[in-house]
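Engineer: got a predicted model here, sequence first, then my questions.
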Amino acid sequence: MRPFSLAAVAATALVVLCLGARSAAAQYATVTDNEKLKEARVAFEAEKWTEAIAAADAALDVPGNDLEENVEIHAIAGMAAALAGKKAAAVEAFKILLAMDYDHKFAPGMKPAVAAALAAARDWWKDKPVGIVVDHEGLPPPYAGEPIRVAPTVLDPLEVVKKTALYYRNGADKAWSRVDGERRPGATRVELFIPGADVGAGLEIDYYVELLDEHGGVVARLGEARSPRTTIVPGLPPGLAPTKPPPDRHKVGGRAGLGGMRLPVWAIGATGGAVVLVVGAIIWAVVPKTVDLDVVTCVAACAD
């Protein structure tokens, strides 16, 4: 084992102390390509509250933020606004933050102004659903070649959700396809469809739904790429579909021949006549003598 030098131990201790002193925004930072979010982090850590607010607002306008990025942007915006003495703006930012992540954990040591704004935002949510609620009862039974309707319910008191995106694939080795949609104001259900052309017999179809803000940033999810919902289309793929069995050669006129043999028509007719005569003899033997002979004769004749 390599011996530790005193200088190395001291350097390690310094790094640990710096990490422990990082601000709440930095501790909850996500990996992102949003340059405006990076600017907001830097401004917040430098305690430049006005610059942090402006950078956070600009970061929200960047299209396609993921859920973690949106949560962090609103956290920075709320804390910076509270520390700048803009409580109303801080409360609004925290209300949206709680809509996306109701159980969000802030770092300990929160300043009183931030704590007051966060408490006011939580009070607003007291008599409402816990954040944006997305629920799905499941899919209707899928049919090969038919579109699959995906229609989750959405409870969104702040009307943050403006758009929707459905991701699906018809095999674990396939790339994800995307279907975009809009949410009508106040709608509690959104509708998206997996195209029938991608719904093949015997296929396993994975899917998930993202609820988006006006800039296309994610604010809620139903499933995700790492743990999607799944449905299986009944039936066998076309290449494995069973073929129609060949006709039975031992059938004549829909009835099996004797011993698997095909009987000529005259033999069938003769056999039928013999059966009629035997039935008539039995009836004659067992019926009471009081029965009219014409009736017995009629039974035998009518059976011919």
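Structural biologist: Now that the structure is in, tell me what you want to look at.
Engineer: need the contact partners of whichever strand or helix holds V154.
Structural biologist: Taking DSSP states H and E as the criterion, V154 maps to strand 153-155. Contact with strand 153-155 is made by 129, 132-136, 161, 183, 187-190, 211, 220, as judged by Cβ atoms under 8 Å, 6 or more residues apart in numbering. From N, CA and C alone the C-beta is placed, and that goes for glycine too.
Engineer: after it comes which helix or strand?
Structural biologist: Note on strand 153-155: by DSSP H and E, the next helix or strand toward the C-terminus is strand 163-169.
Engineer: packing partners for that following strand?
Structural biologist: Counting contacts by 3 or more Cβ pairs under 8 Å, 6 or more residues apart in numbering; DSSP states H and E, the secondary-structure elements packed against strand 163-169 are strand 177-182, strand 192-194, strand 204-212.
Engineer: closest to A52 out of those?
Structural biologist: Closest approach to A52 among those (Cβ to Cβ): strand 204-212, 24.6 Å.
Engineer: count of neighbours near V218?
Structural biologist: 20 (other Cβ atoms under 10 Å).
Engineer: same thing with D33?
Structural biologist: By the other Cβ under 10 Å criterion, the neighbourhood of D33 contains 10 residues.
Engineer: now do the helices in the stretch 51-200 of the chain.
Structural biologist: All helices of the stretch 51-200 of the chain, identified by DSSP state H, counting those that start in this stretch, fall at 67-83, 87-100, 112-124.
Engineer: mind listing the strands for the stretch 1-150 of the chain?
Structural biologist: For the stretch 1-150 of the chain, applying DSSP state E, counting those that start in this stretch gives strands covering 133-135, 148-150.
Engineer: now the last one: buried residues?
Structural biologist: Neighbour-count burial for strand 148-150, with 16 or more other Cβ atoms under 10 Å as criterion, is recorded at I148, V150.
Engineer: quick revisit: most tightly packed of the helices of the stretch 51-200 of the chain?
Structural biologist: Across these, the average number of neighbours (mean count of other Cβ atoms under 10 Å) peaks for helix 67-83, which reaches a mean of 25.
Engineer: distance of P63 from D101?
Structural biologist: 21 Å (Cβ to Cβ, to the nearest Å).
Engineer: between the two, who's got more neighbours?
Structural biologist: Set P63 next to D101 and count neighbours by other Cβ under 10 Å: D101 wins out with 20 against 10.
Engineer: list the contacts for that one?
Structural biologist: Contacts of D101 (Cβ under 8 Å, 6+ apart): L67, V71, G131.
Engineer: nearest residue to the last one in space, please, no chain neighbours.
Structural biologist: Think G131. Spatially, and ignoring its direct neighbours in sequence, G131 is nearest to Y102 (3.8 Å; Cβ to Cβ, 6 or more residues apart in numbering).
Engineer: out of the helices and strands packed on strand 163-169, which comes closest to A75?
Structural biologist: Relative to A75, the nearest member of the helices and strands packed on strand 163-169 by Cβ to Cβ is strand 204-212, separated by 19.2 Å.
Engineer: go through that closest one and flag the buried ones.
Structural biologist: Neighbour-count burial for strand 204-212, with 16+ other Cβ under 10 Å as criterion, is recorded at I205, D206, Y207, Y208, V209, E210, L211, L212.
Engineer: give me the helices and strands touching that strand, please.
Structural biologist: Partner elements for strand 204-212 (3+ Cβ pairs under 8 Å, 6+ apart): strand 148-150, strand 163-169, strand 192-194, strand 218-222, strand 229-232.
Engineer: now do the second one against strand 177-182: the angle between them, please.
Structural biologist: Put simply, strand 163-169 runs at 160 degrees to strand 177-182, going by axes from the mean of the first three to the mean of the last three Cα atoms, to 10 degrees.
Engineer: what are the contacting residues of strand 163-169?
Structural biologist: Residues from elsewhere that reach strand 163-169 (Cβ under 8 Å, 6+ apart): 150, 175-183, 190, 192-194, 198, 205-214, 216, 225, 228.
Engineer: looking at it, A93 is touching G78, isn't it?
Structural biologist: Yes: using Cβ atoms under 8 Å, A93 is in contact with G78, at 3.6 Å.
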